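Student: Provide a 3D model corresponding to the input given below.
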Amino acid sequence: MATNSIKLISSDIHRGLADSVAARLGLDLCKVDIKRESSGEVMFSIAESVRDEDIYIISQISCGDVNDRLIELLIMVNACKTASARNITAVIPNFPYARQDRKDKSRAPISAKLVADMLTTAGVNHIITMDLHAAQIQGFFDVPADNLYAEPSVLRYIKEKIDYKNAILVSPDAGGAKRAASLADRLDLNFALIHKERAVANEVSRMLLVGDVTDKICIIVDDMADTCGTLAKAADILLEHNAKQVIAIVTHGILSGNAIKNINGSKLHRVVCTNTVPFEDKLKICPKLDTIDISGVLAEAIRRLHNGESVSYLFRHSPL
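Tutor: Numbering: from 1, shown residues only. Got it, this is the predicted structure:
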């Protein structure tokens with residue numbers, strides 16, 4: 001592997017995933033100097049030369065500090081650009097503002113497109129992300145964007161940690177039916193669908209189950225979990241229909257607001273999230289939480305991009 005021209009950069013906040021990716025590639029994170037003024041401004045500099053190097057900036061953006069981490073990322077990108085880096089790739093496992101991908105009402109912004117434009121203007125040459133809320137966001141970029149999938153890693157977790165022969169895949173809404181059906185096909189299982197009706201945003205008023213879950217381990221799959229109110233209500237519905245157990249597996253565990261309280265007070269047996277969003281502190285106070293490590297997927301994507309190999313292999317396979 002030609003690693004002589006790769007530089008990995010990360011913030012000093014939420015760098016657990018970056019450390020894991022660097023370890024898998026056999027590299028050290030680039031030395032940087034980050035200071036935060038009392039005014040909130042970020043002072044950033046790179047402590048080593050990046051001239052004519054391929055830069056990969058790994059940025060985990062979590063709930064509560066989305067805007068701070070986004071501005072920090074833009075500053076790091078611009079610093080690499082002005083330091084004459086050859087190529088700058090932003091590795092953003094959980095793309096911010098992905099749910100604002102369309103103009104759903106009058107005078108509303110398309111914020112996902114705005115973020116894409118900001119990154120491109122700052123100097124990003126390539127984007128690596130995972131399980132975009134809407135796949136068409138890839139078209140918002142004027143530079144190549146690789147949308148990786150958590151499905152192979154989720155598939156491995158299900159096979160290793162769950163008695164999947166006695167399970168059924170469940171989609172929490174119509175929009176996720178394709179995801180549940182894909183996993184069900186690869187596991188040779190049936191899948192069920194929960195139709196949810198909302199009176200107001202982020203609040204489900206009624207849920208209807210389509211499918212038979214009697215005496216089955218229900219595996220709810222979704223792309224993100226925010227307040228987890230929907231997952232808690234889905235667990236109630238499934239258990240009312242004689243499900244044996246309910247496990248939720250989501251790619252992006254945003255876990256904002258009362259999420260931990262909702263999980264701990266729910267009938268969910270387990271909530272499994274990948275580490276695209278950092279939630280180590282929440283693991284300590286929520287025994288129902290579990291993690292799927294996707295650092296191997298990101299490391300292999302970086303290696304393949306650097307060596308000019310196809311990334312599509314990762315769409316169906318999870319590296320060890």
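Student: could you pull out the strands for the stretch 201-320 of the chain?
Tutor: For the stretch 201-320 of the chain, the strands defined by DSSP state E, counting those that start in this stretch occupy 203-210, 217-225, 245-253, 270-274, 289-292.
Student: for the fourth one, packing partners?
Tutor: Counting contacts by 3 or more Cβ pairs under 8 Å, 6 or more residues apart in numbering; DSSP states H and E, strand 270-274 is packed against helix 151-161, strand 245-253, strand 289-292. From N, CA and C alone the C-beta is placed, and that goes for glycine too.
Student: For the longest one, list every residue counted as buried.
Tutor: This points to helix 151-161. For helix 151-161, the neighbour count (16 or more other Cβ atoms under 10 Å) marks Glu151, Pro152, Ser153, Val154, Leu155, Tyr157, Ile158 as buried.
Student: Tell me how far it lies from the chain's centre.
Tutor: Put simply, helix 151-161 sits 16 Å off its chain's centre (Cα atoms, centre = their mean, to the nearest Å).
Student: by how many degrees do that helix and strand 217-225 diverge?
Tutor: Per axes from the mean of the first three to the mean of the last three Cα atoms, to 10 degrees, the angle that helix 151-161 makes with strand 217-225 is 150 degrees.
Student: quick one on the thing from earlier: show me the one of the helices and strands packed on strand 270-274 that comes nearest Asp104.
Tutor: strand 245-253 (20.3 Å; Cβ to Cβ).
Student: quick one on the thing from earlier: possible to save the buried residues of helix 151-161 as TSV with distance to Ile61 and pLDDT?
Tutor: Output for the buried residues of helix 151-161, formatted as TSV (distance: Cβ to Cβ, whole Å; pLDDT from 0 to 100):
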residue	distance to Ile61	pLDDT
Glu151	22	96
Pro152	23	96
Ser153	20	97
Val154	21	97
Leu155	26	96
Tyr157	23	97
Ile158	27	97
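Student: Just name the closest of those to Met43, please.
Tutor: The closest of the buried residues of helix 151-161, once distances to Met43 are taken by Cβ to Cβ, is Ser153, at 36.5 Å.
Student: excluding its backbone neighbours, what's nearest that closest one?
Tutor: Once flanking residues are discounted, Ser153 sits nearest to Ser318: 4.6 Å by Cβ to Cβ, 6 or more residues apart in numbering.
Student: burial count for that neighbour?
Tutor: Neighbour count of Ser318, defined by other Cβ atoms under 10 Å: 19.
Student: what bits of the chain have low per-residue confidence?
Tutor: Along the chain, segments meeting pLDDT under 70 span 1-4, 63, 197-205.
Student: Break it into its domains for me.
Tutor: Following the assignment in automatic domain parsing, the chain carries domains at 6-149+295-315, 151-292.
Student: mind checking which of the helices and strands packed on strand 270-274 is nearest Ser45?
Tutor: The nearest among these, by Cβ to Cβ, is strand 245-253 at 30.8 Å.
Student: which residues touch the closest one?
Tutor: Strand 245-253 has contacts (Cβ atoms under 8 Å, 6 or more residues apart in numbering) with 93-94, 130-131, 150, 154, 157-158, 162, 217-225, 231, 234-235, 238-239, 267-274, 276-277, 279, 289, 292.
Student: Which one of the buried residues of helix 151-161 is nearest to Lys244?
Tutor: Closest to Lys244, out of all of those and judged by Cβ to Cβ, is Ile158, at 15.3 Å.
Student: Near Arg102, how many other residues are there?
Tutor: Quick note: Arg102 (other Cβ under 10 Å) scores 13 neighbours.
Student: which residues sit in contact with the closest residue to it other than its chain neighbours?
Tutor: Sequence neighbours aside, Ile110 is the residue nearest to Arg102 in space, at 6.4 Å (criterion: Cβ to Cβ, 6+ apart). Residues near Ile110 by Cβ under 8 Å, 6+ apart: Gln100, Asp101, Arg102, Lys103.
Student: Just the buried residues of those residues.
Tutor: Gln100, Asp101.
Student: Next, format the contacts of Ile110 as a markdown table and append secondary structure and distance to Lys196.
Tutor: Shown next, in a markdown table, are the contacts of Ile110 (DSSP: H, G, I helix; E, B strand; the rest coil; distance: Cβ to Cβ, whole Å):
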| residue | secondary structure | distance to Lys196 |
| --- | --- | --- |
| Gln100 | coil | 20 |
| Asp101 | coil | 20 |
| Arg102 | coil | 20 |
| Lys103 | coil | 23 |
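Student: Out of the contacts of Ile110, which is nearest to Lys244?
Tutor: Nearest to Lys244 among these, with distances taken as Cβ to Cβ, is Asp101, at 36.4 Å.
Student: What residues does that closest one make contact with?
Tutor: Asp101 neighbours (Cβ under 8 Å, 6+ apart): Ile110, Ala112, Lys113, His133, Ala134, Gln136, Ile137, Phe140.
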